[in-house]
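Chemist: Fold the stuff below for me.
(chains A and B, ligands or ions: 1)
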Amino acid sequence: MAEPISGTDSEARELDDVQFRFRNDEMVDHPAVTVDAFVGQTNASAVRIEPGDDARDLLLHLDRIALVEVNFPSFGDGRGYSAARILREAGYAGELRAVGDVLIDQLSHMRRCGFDSFAPAVRLDATDAERAFATWPDVYQAAVDGRAPIWTLRHGGRDGGGNG
Amino acid sequence: MYQYDRYDQQMVDARVADFRDQVRRRLDGKLTEDQFKPLRLMNGLYLQLHAYMLRVAVPYGTLSAAQMHMLGTIADKYDRGYGHFTTRQNIQYNWIRLEDAPDILSELSTVEMHAIQTSGNCIRNISADHFAGAAADEVADPRPYAELMRQWSSFHPEFSYLPRKFKIAVIASETDRAAMRLHDIGIRIHKNDAGELGAAFYVGGGMGRTPMISHLVREWVPLDRLITYAEACLRVYNRYGRRDNKYKARIKILLHEIGAEDYAAQVDAEYQHLLDQGVEPPFAELERIRTFFADPSFVQGLSDGVDQSDQAFAAWVQQNTHLHRMHGYTSATISLKPVGGIPGDATAAQIHLMADLAKEFSFDECRVTHAQNIVLPHVEQRRLYELWQRLDAAGLATANLDNIGDIIACPGLDYCSLANARAIPLAQKISQRFADNGKEAVIGELKLKISGCINACGHHHAGHIGILGVDRKGRENYQLLLGGSEGADTSLGKITGPGFDEDGVVDAIEKTTELYLAQRQEGERFLDTYRRIGMEPFKEVLYG
Ligand code: SF4
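Modeler: Now for the predicted structure:
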């Protein structure tokens, strides 16, 4: 699994404290607004999804969004995973940032659902996180990270195939 | 039986390493108990009243002899010499040390087993008809579809933090032996007029404090769209499912609140969208899986019939065997409900013996049933007597399948930290009472189910007679329910009235069965009589 491109301990930006970032474009430098505010406003390019929000409300505006933050007030609330995938499946290519109660053991799933930056409320142990991002040598199901699932590999898909 | 390839093995090995690391971080204090809890739960590890409990997954209830042996070995090595088979076709060990858990998982992985997703708010181990591949009335073996769903649901990136646990069952016959309508999703594989197989999806069933029977959400999902449709069902649930109140977080409540039709329409929209997203496995994968479930090398041309001159044997044959689709074969159920015993418990020695018998008599295969018994699916009738003698010698030949002694009971207050009342000693008393009064055989089919609290792990709502343990001013009290069923004719039991204490409820059950015996008409089971005469006469004998 790819190394984060930026964001280690030295790179503490203001706004959200992004610890891991898997993209190399410029970070958006203004705060994200709520989904409601965003939909009614023309010049914002960063929006923040709370668990009760419907990510599909943003689908008409994807071309003017550079950053979507998805808030996890509690790691056990998994609505943000669906929100992330819905955006990616609709073709959103901007930054997708997990913020809030983001912990080591959720990182690999979040990556698979399309998150490419992480701003945990409490900084994570870098070694543990590195291991977590690399948890799965292969994956069972298709998601939005472009990895060929095992059942594709088995039947001659990308990365070889056949039954080992 | 399904066998892992290097990918499957790699996934399980990765999880063992992952969990070992999590336990290390917990023991190092890097993880709080709150943070560790969902992680250990996803690996089947619960903190119970006295110790950790480990629940090991038995995918669709199917085990090889080697796997069964491993379960016996773990019972010996890490528990107190027992395993407890559960209503989800799994096995639990009640006396596990946290430090041992990674080693246990590591041993399990050597026989292609694990404890993945046997608890936590994720898609749980998929269950299936325990007579799959053997029953005369099935249109197909449901397990290839269950296996495909096992892979899809394992470590699912989007659905690992659902509002609540999520249970899926797959069947492929008209008769429902897996309580399919009482699952979050029940899938029935069936045939259309053109002879093709497809899947009917039933959504929103469940027990717990608000029991509900599922709704048919889509009658026909083509087999090459199975995963896409399931993904759509889950996504709509995950988007909506409430997190604010855990008692309202199950999908059955969502369907109840927005209506099954609205839910179905939203799933359909999501399904149309997902069809373009490439989430469906190649059809060749389903075909690959099917080859593992091809028929074993049955002896052809055997005739049916067994010599039943030994009366005890005859009673067991009549009670504990099930019609097989091959002439000369039968499916034999080993009752884990000896008179006065703990329902679903087996000693390490018994587990090893059942493993040997699976190897010798049933093509290296056995099954766990949701009624907490073990099935040898493919036994030659001409060897049945020999099998029975071996079982009898080990105390495993109790002839009580589906009778009042074949009680389903949850662990209750003896182990479970959520319990209001004990379930095991009550089951033992009832079983003893009906053995002593000799009425068990006379009464015939009567499914009795006991839960130690409203969470309904003992499926009390679905018992012909159900018992629910409640707390009444600090004392254990038992409510009695009548008329539940989980079969083709699924229904939910109704409470008779005020509860009873432990001895009182045993008496009440005896009175209930006496009324049935007095009222029954030719050929009626207890459930049939209850449905005909209704609750009133029972209330009268109980409280009148
Ligand atoms: S029904 Fe209640 S007491 Fe019984 S196992 Fe479930 S949670 Fe525990």
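
Chemist: Can you give the domain ranges for chain B?
Modeler: Chain B breaks down by automatic domain parsing into domains covering B:6-109, B:127-291, B:311-393, B:408-543.

Chemist: for chain A, same thing?
Modeler: A:10-133, A:136-164.

Chemist: touching chain B at all, the shortest one?
Modeler: So the one you mean is domain A:136-164. Yes: Domain A:136-164 is in contact with chain B by C-beta under 8 Å from any C-beta of the partner chain, via A:136-143, A:149-155, A:157, A:163-164. (Glycine included, C-beta is placed from N, CA and C.)

Chemist: what's the closest non-adjacent residue to residue 65?
Modeler: All of this refers to chain A. Nearest residue to A:Ile65, sequence neighbours excluded (C-beta to C-beta, 6 or more residues apart in numbering or on different chains): A:Gly94, at 5.3 Å.

Chemist: look at chain B instead
Modeler: Leaving aside its chain neighbours, B:Ala65 sits nearest to B:Lys359 (3.9 Å; criterion: C-beta to C-beta, 6+ apart).

Chemist: before we move on, back to that, can you select the buried ones from the residues of domain A:136-164 next to chain B in PyMOL?
Modeler: Typed into PyMOL, the line below selects the buried ones among these, using 16 or more other C-beta atoms under 10 Å in any protein chain shown:
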select buried, chain A and resi 136+138+139+140+141+142+143+149+150+151+152+153+154+155
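
Chemist: Dump the domains of chain B into JSON lines; add mean neighbour count and mean pLDDT as well.
Modeler: As requested, those are exported to JSON lines (neighbours: other C-beta atoms under 10 Å in any protein chain shown; pLDDT from 0 to 100):
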{"stretch": "domain B:6-109", "mean neighbour count": "20", "mean pLDDT": "92"}
{"stretch": "domain B:127-291", "mean neighbour count": "20", "mean pLDDT": "94"}
{"stretch": "domain B:311-393", "mean neighbour count": "21", "mean pLDDT": "97"}
{"stretch": "domain B:408-543", "mean neighbour count": "19", "mean pLDDT": "94"}
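
Chemist: Where does whichever residue of the stretch 301-450 of chain B sits closest to chain A fall, secondary structure wise?
Modeler: Nearest residue of the stretch 301-450 of chain B to chain A (C-beta to the nearest C-beta) works out as B:Leu418 at 18.3 Å. Using DSSP states H and E, B:Leu418 sits in no helix or strand.

Chemist: Just say helix, strand or coil for the nearest residue to it once chain neighbours are set aside.
Modeler: Excluding the flanking residues, the one nearest B:Leu418 by C-beta to C-beta, 6+ apart is B:Cys453, at 5.5 Å. Of the three states, B:Cys453 takes coil under DSSP: H, G, I helix; E, B strand; the rest coil.

Chemist: Just confirm B:Cys453 contacts B:Asn420, I think it does.
Modeler: Yes: between B:Cys453 and B:Asn420 a contact is recorded at 4.6 Å, counting by C-beta atoms under 8 Å.

Chemist: Would you mind listing the residues touching both of the two?
Modeler: Common contact partners of B:Cys453 and B:Asn420 (C-beta atoms under 8 Å, 6 or more residues apart in numbering or on different chains): B:469-470.

Chemist: Just list what the helix or strand bottoming out on mean pLDDT in chain A packs against, helices and strands only.
Modeler: Of all the helices and strands that make up chain A, helix A:35-39 has the lowest average by mean pLDDT, DSSP states H and E, namely a mean of 89. Judged by 3 or more C-beta pairs under 8 Å, 6 or more residues apart in numbering or on different chains; DSSP states H and E, helix A:35-39 is in contact with strand A:46-49.

Chemist: How about residues contacting the strand it packs on?
Modeler: With C-beta under 8 Å, 6+ apart as the criterion, strand A:46-49 contacts A:28, A:30-35, A:38, A:55, A:58, A:65-71, A:80, A:83, A:99.

Chemist: so where's chain A uncertain?
Modeler: For chain A, applying pLDDT under 70 flags the ranges A:1-16, A:42, A:158-164.

Chemist: and the residue of it nearest the ligand?
Modeler: As assessed by C-beta to the nearest ligand atom, the ligand sits closest to A:Gly76 within chain A, at 19.2 Å.

Chemist: any idea how far the closest residue to that residue other than its chain neighbours lies from A:Arg56?
Modeler: If the residues on either side of it in the chain are set aside, A:Gly76 comes closest to B:Tyr161, at 5.7 Å by C-beta to C-beta, 6+ apart. B:Tyr161 sits 20 Å away from A:Arg56, going by C-beta to C-beta, to the nearest Å.

Chemist: And for B:Met207?
Modeler: Taking C-beta to C-beta, one finds B:Met207 at 33 Å from A:Arg56.

Chemist: One more: B:Tyr516?
Modeler: Taking C-beta to C-beta, one finds B:Tyr516 at 55 Å from A:Arg56.

Chemist: Where do the helices of chain A begin and end?
Modeler: Along chain A, counting by DSSP state H, helices occupy A:35-39, A:79-89, A:107-112, A:126-133, A:150-154.

Chemist: just so I know, which of those lies nearest B:Met53?
Modeler: Of all the helices of chain A, it is helix A:107-112 that lies closest to B:Met53, at 25.6 Å by C-beta to C-beta.

Chemist: now the closest one: how far from the chain's centre is it?
Modeler: 7 Å (C-alpha atoms, centre = their mean, to the nearest Å).

Chemist: which SS class is the residue nearest to B:Ala65?
Modeler: helix.

Chemist: Find the residue at the geometric middle of chain A.
Modeler: Among the residues of chain A, the one closest to the centroid is A:Phe115, at 0.9 Å (C-alpha atoms, centre = their mean).
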